[in-house]
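Enquirer: Fold the following.
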Amino acid sequence: MSEPVCFRPPAQPVAVLAPRPRPAHVPLAPAQERMWHAARLGRSADWNVARAIRLRGAAVDVTALRSALECLVARHEPLRTTYPATDRGPAQRVVEPADVELDVTECAVTDAELDTAVAALAARPFDLTRDLPVRARLFVLGPDDVVLALVVHHISVDGRSMGPLIRDLVTAYPACRGGGAPEWSPLPVSYTDYTLWKHAQLGEFTDEWSRATHQLRYWANALAGRPALLDLPARELQSPPIDPAAGALLPISFDPRTHAGLLRLAQDGRASLFMVLQAAFAVTVGAFARSADVTVATAVSGRDHRLLDDLVGNFSDDVLMRVRLDRAGDVDELIDQVRRVALAAYAHPDTPNPRLKRCLLQDAALPLFQATLILQRSPAARSTAEPAPAPGISITEVPTGVVRAKHDLEFGLTDHYDPHGAPAGIDGSFIYPIARFDEETAQRFVARFLAVVGLLADGYRGPLPALLATVGRRSPLSTARRAARVLV
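Expert: All right, here's what the predicted structure looks like:
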């Protein structure tokens with residue numbers, strides 16, 4: 001009798017992250033594709049990342065600041081990259097440092113004019129096909145008072161890029177002020193090297209055995225049959241129309257006691273704090289939309305190699321989590337479901353949203369998700385060894401005044417710990433589009449989320465229907481805490 005034939009995928013060569021020869025066509029990294037397509041649809045400004053710092057002191061040197069910015073752009077390739085459309089798809093084209101014309105303008109403003117000026121700079125779109133994705137303004141309020149506003153498109157930076165970007169700028173400034181050049185450690189790889197390495201890892205979608213095809217197949221199966229659009233209680237259309245991405249922000253915080261309760265629940269369920277918060281978020285979204293099948297999202301850093309730590313670039317992307325509230329009888333089952341769904345999502349992080357949309361039966365014009373929650377750890381205290389920009393200068397951050405709501409429901413949270421590692425609380429904000437929701441509706445959603453989190457932190461582990469019913473009564477947090485004692 002002949003032995004059965006086993007079909008196995010061909011062995012894939014191991015891709016190594018290292019400097020590589022530059023091909024004529026460098027594609028976008030997977031994390032960049034969503035921003036590129038959004039810009040093509042006229043939503044480029046929605047993805048602007050703005051930072052503003054105020055420098056005060058007799059040693060402020062505007063010329064040196066300009067030189068430090070030029071050094072920064074020369075060091076980090078994504079800051080001098082354009083993204084044209086080609087016959088092979090969108091591409092990255094890195095401009096040589098000598099050919100860079102950096103958009104840095106010096107403007108005299110008053111304190112009263114500063115907020116408006118910074119907000120206007122942050123709201124201006126980039127033409128990614130021809131513009132460098134960075135611009136800066138030096139707002140001069142006086143001979144020893146300058147605000148440096150820096151706007152970079154998200155296609156070229158992510159949240160973790162701000163650390164090395166600001167650090168390198170702070171290192172470059174005193175060197176340029178002294179007439180020299182900054183002494184940076186060479187970067188081990190470039191963003192182009194990362195892009196080519198990532199594509200070598202993923203392979204082609206035309207290869208049925210490739211990692212790219214495997215991930216796409218996972219998402220197509222995981223999202224099949226879900227509701228295409230959540231029925232959220234949106235406001236009536238406004239006249240004149242409101243910018244669909246104009247957003248408003250509500251602050252949110254949890255005290256150390258609630259933080260500790262959430263950590264206990266996470267430990268009991270072999271989950272993370274994020275998974276517990278994401279479960280509470282899914283319950284709140286489900287109650288708000290009157291749906292037992294909700295898809296929520298979060299961001300993954302994408303920096304899964306130590307050589308990427310000091311690079312400025314966009315490595316992060318969204319992953320989706322479909323939560324079936326009707327398949328969880330109690331809180332423990334819900335936490336376990338969210339844990340499994342989250343781990344599977346983390347294992348499939350590289351499918352670009354535009355490509356995934358083409359593989360689903362829903363209308364491609366509809367969003368893949370409407371609700372997102374991101375949790376990040378509070379950074380450690382600044383090291384005393386970190387270089388100062390120059391003696392006699394104070395630096396403070398200035399709010400940019402721009403809130404862009406790219407999704408309907410969006411929480412950005414940070415967990416804090418004291419020097420001994422004990423939970424010190426969670427804070428952050430809820431962002432919502434004012435064209436979709438009025439402030440009362442947004443506050444009601446936040447109150448429901450606070451109620452669910454409070455119930456879980458206070459020890460409720462019972463049936464999920466009772467939890468949903470309690471939240472559905474639109475109780476404020478104080479009432480929800482009283483309900484927790486009854487439910488327990």
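
Enquirer: Please enumerate the helices of the chain.
Expert: 33-40, 62-75, 111-123, 162-177, 191-202, 211-222, 256-268, 273-289, 331-346, 353-359, 439-457, 464-472, 477-487 (DSSP state H).

Enquirer: The residue nearest the centre of the chain: what's it in contact with?
Expert: Among the residues of the chain, the one closest to the centroid is Ala299, at 5.5 Å (Cα atoms, centre = their mean). By Cβ atoms under 8 Å, 6 or more residues apart in numbering, the contact set of Ala299 is Gly159, Ser316, Asp317, Asp318, Val319, Thr372, Ile374. Placement of C-beta: from N, CA and C, glycine included.

Enquirer: how much space between it and Val157?
Expert: Distance of Ala299 to Val157, computed by Cβ to Cβ, to the nearest Å: 13 Å.

Enquirer: What of Pro125?
Expert: 16 Å.

Enquirer: Asp336 too?
Expert: From Asp336 to Val157 the distance is 36 Å (Cβ to Cβ).

Enquirer: Of these two, give the one with the bigger neighbour count.
Expert: Val157 (26 against 16; other Cβ atoms under 10 Å).

Enquirer: Correct me if wrong: that one contacts Gly163.
Expert: No - between Val157 and Gly163 there is no contact under Cβ atoms under 8 Å: 10.8 Å.

Enquirer: Please, a PyMOL command that selects the buried ones among the contacts of Ala299?
Expert: Here is the PyMOL command that picks out the buried ones among the contacts of Ala299, judged by 16 or more other Cβ atoms under 10 Å:
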select buried, resi 159+316+317+318+319+372+374
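
Enquirer: May I ask which two of the contacts of Ala299 are separated the most?
Expert: Using Cβ to Cβ, the pair of these lying farthest apart is Gly159 and Val319, separated by 15.3 Å.

Enquirer: Could you give the number of residues near the closest residue to Val283 other than its chain neighbours?
Expert: Nearest residue to Val283 in three dimensions, chain neighbours excluded: Val452, at 5.2 Å (Cβ to Cβ, 6 or more residues apart in numbering). Residues near Val452, counting by other Cβ under 10 Å, number 25.

Enquirer: Kindly report the same for Arg257.
Expert: 12.

Enquirer: thinking it is in contact with Asp458, fair?
Expert: No - contact between Arg257 and Asp458 fails when scored by Cβ under 8 Å: they sit 9.3 Å apart.

Enquirer: looking at the helices of the chain, which is buried most?
Expert: Highest mean neighbour count among the helices of the chain (mean count of other Cβ atoms under 10 Å): helix 273-289, with a mean of 25.

Enquirer: so it versus helix 439-457, what angle?
Expert: 130 degrees (axes from the mean of the first three to the mean of the last three Cα atoms, to 10 degrees).

Enquirer: how far away is Leu196 from Arg51?
Expert: 29 Å.

Enquirer: likewise Val151?
Expert: 8 Å.

Enquirer: again, but for Asp268
Expert: 40 Å.

Enquirer: now do Gln92
Expert: Distance from Gln92 to Arg51, by Cβ to Cβ: 23 Å.

Enquirer: looking at the helices of the chain, which is closest to Ala422?
Expert: helix 256-268 (7.4 Å).

Enquirer: okay, that closest one in CSV with CA atoms only?
Expert: Taking Å, rounded to 0.1, in the frame of the first residue of the first chain, the C-alpha atoms of helix 256-268 are listed here in CSV:
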residue,chain,number,x,y,z
PRO,A,256,-5.2,53.7,41.5
ARG,A,257,-7.8,51.6,43.3
THR,A,258,-9.7,51.0,40.0
HIS,A,259,-6.3,50.3,38.2
ALA,A,260,-5.4,47.7,40.8
GLY,A,261,-8.8,46.0,40.5
LEU,A,262,-8.4,45.8,36.7
LEU,A,263,-5.0,44.3,37.2
ARG,A,264,-6.4,41.6,39.6
LEU,A,265,-9.0,40.7,37.0
ALA,A,266,-6.3,40.5,34.3
GLN,A,267,-4.1,38.2,36.5
ASP,A,268,-7.1,35.9,37.3
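
Enquirer: and it, what does it pack onto?
Expert: helix 273-289, helix 331-346, strand 423-433, helix 439-457 (3 or more Cβ pairs under 8 Å, 6 or more residues apart in numbering; DSSP states H and E).

Enquirer: For those, give me a markdown table that also has mean pLDDT and distance to Thr63.
Expert: What follows is the helices and strands packed on helix 256-268, written out as a markdown table (pLDDT from 0 to 100; distance: least, Cβ to Cβ, whole Å):
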| stretch | mean pLDDT | distance to Thr63 |
| --- | --- | --- |
| helix 273-289 | 96 | 45 |
| helix 331-346 | 96 | 47 |
| strand 423-433 | 96 | 37 |
| helix 439-457 | 95 | 45 |
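
Enquirer: can you tell which of these is closest to Ala108?
Expert: Here strand 423-433 is closest among the helices and strands packed on helix 256-268 (Cβ to Cβ), at 32.5 Å.

Enquirer: what are the pairing partners of that closest one, and which direction each?
Expert: On the basis of DSSP bridges, the sheet neighbours of strand 423-433 come out as strand 247-254 (antiparallel), strand 409-417 (antiparallel).

Enquirer: from the chain's centre, how far out does it sit?
Expert: Distance, stretch centre to chain centre, for strand 423-433: 14 Å (Cα atoms, centre = their mean, to the nearest Å).

Enquirer: okay, the angle between that strand and helix 256-268?
Expert: 90 degrees.

Enquirer: For strand 423-433, list the C-alpha coordinates in PDB.
Expert: Presented in PDB, the C-alpha positions along strand 423-433 are these (Å, rounded to 0.1, in the frame of the first residue of the first chain):
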ATOM      1  CA  PRO A 423      -0.600  50.900  40.000                       C
ATOM      2  CA  ALA A 424      -0.900  54.700  40.100                       C
ATOM      3  CA  GLY A 425      -4.000  55.200  37.800                       C
ATOM      4  CA  ILE A 426      -5.000  55.300  34.200                       C
ATOM      5  CA  ASP A 427      -5.700  58.500  32.300                       C
ATOM      6  CA  GLY A 428      -6.300  59.700  28.700                       C
ATOM      7  CA  SER A 429      -9.000  61.000  26.500                       C
ATOM      8  CA  PHE A 430     -12.000  60.100  24.400                       C
ATOM      9  CA  ILE A 431     -12.100  61.600  20.900                       C
ATOM     10  CA  TYR A 432     -15.200  61.800  18.800                       C
ATOM     11  CA  PRO A 433     -16.300  63.500  15.600                       C
END
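
Enquirer: Do a quick rundown of the strands in the stretch 1-150 of the chain.
Expert: 48-56, 81-82, 85-86, 89-90, 93-94, 103-108, 134-142, 145-153 (DSSP state E, counting those that start in this stretch).

Enquirer: Out of these, which one sits most buried?
Expert: Using mean count of other Cβ under 10 Å, strand 145-153 ranks as the most buried of these, with a mean of 23.

Enquirer: Using CSV, write out every CA atom in it.
Expert: Only the C-alpha atoms of strand 145-153 are listed here, as CSV (Å, rounded to 0.1, in the frame of the first residue of the first chain):
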residue,chain,number,x,y,z
ASP,A,145,10.9,83.3,23.4
VAL,A,146,10.4,81.0,20.5
VAL,A,147,7.9,78.2,19.7
LEU,A,148,9.0,75.5,17.4
ALA,A,149,6.1,73.8,15.7
LEU,A,150,6.8,70.6,13.8
VAL,A,151,4.2,68.8,11.7
VAL,A,152,4.9,65.4,10.1
HIS,A,153,2.5,63.2,8.2
